[in-house]
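Participant: sequence first, predicted model second:
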Amino acid sequence: MQHRQPIQTPLPLSVGGACIRTLQDEHAALASMLKSVLLMVERGPGDEPERFFDVVRAMLFYVDEFPEKLHHPKESNFLFPKVAQLAPELLSTLEKLEHDHLQGERLIRALQHHLVAWEMIGDSRRDHFADAARQYVAFYLEHMRLEETLVLPAATARFTPEDWRELDSAFGPTRDPFAGGSL
């Protein structure tokens, strides 16, 4: 299965402030985690089902705890409103991205439920989890692709130094620990 990658080359910090690097680092950490979930599913529980399910459950916890509760609010509360103000041609994209954020918690809960069903009911539920995981990963990678190919370039082109200072202060205090940050 082919996934679109978030942009590979970070925008220079001099162009976009530290928050751009934070977003890109958090996207990279999340993309790695999501792809690892798919690799785990392909591998399967093998001879250590308890360990397998513990690891996948921890991976899904990460997705729920950091991107959903830490990363998305920064985008929704700070980045998207400023981009909407300065790049109104992106309003429909920003609305879609915000809708994605609102759906995120429901989607991760559904995925966690499918995992528990597989663990408790057995292999008859493996395909349900695998299908839901593939859909979730595709959904999330596309979401990040839109942010990195449309929203961040628009911000880079239109934000003032003061805009960047505001965003840097909003994005700086708490960061995903898998993206080089600390809580």
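Facilitator: Great, that's in hand. Numbers count the residues shown, from 1 in each chain.

Participant: so what touches stretch 42-59?
Facilitator: Identification of contacts with stretch 42-59 by C-beta atoms under 8 Å, 6 or more residues apart in numbering yields 33, 36-37, 40-41, 112, 115, 118-119, 126. (Each C-beta comes from the backbone N, C-alpha and C, glycine too.)

Participant: next SSE downstream of the lowest-mean-pLDDT helix or strand in the chain?
Facilitator: When the helices and strands of the chain are compared on mean pLDDT, DSSP states H and E, helix 13-43 comes out lowest with a mean of 86. Under the assignment DSSP states H and E, the closest C-terminal helix or strand after helix 13-43 is helix 49-63.

Participant: centre of the chain to the next helix or strand after that next one, how far?
Facilitator: Toward the C-terminal end, the helix or strand that comes next after helix 49-63 (DSSP H and E) is helix 72-74. How far helix 72-74 lies from its chain's middle: 10 Å, per C-alpha atoms, centre = their mean, to the nearest Å.

Participant: what mean pLDDT does helix 72-74 get?
Facilitator: The average pLDDT within helix 72-74 is 89.

Participant: so which residues make contact with the helix or strand that comes right after it?
Facilitator: Remark: after helix 72-74, the chain's next helix or strand is helix 80-86, criterion DSSP H and E. Outside helix 80-86, the residues within contact range by C-beta under 8 Å, 6+ apart are 90-91, 94, 97-98, 151, 154-155, 158-159, 163, 166-167.

Participant: how about these, which pair is most distant?
Facilitator: Greatest spatial distance in those: 91 and 166, 20.7 Å, computed using C-beta to C-beta.

Participant: neighbour count for these two, which is higher?
Facilitator: Legend: neighbour count by other C-beta atoms under 10 Å for residue 91 and residue 166, higher for residue 166 (16 against 12).

Participant: for the more buried one, which three-state class applies?
Facilitator: helix (DSSP: H, G, I helix; E, B strand; the rest coil).

Participant: go through the contacts of helix 80-86 and flag which are in helices.
Facilitator: Restricting the contacts of helix 80-86 to those inside helices, with DSSP state H as the criterion, leaves 91, 94, 97-98, 154-155, 158, 163, 166-167.
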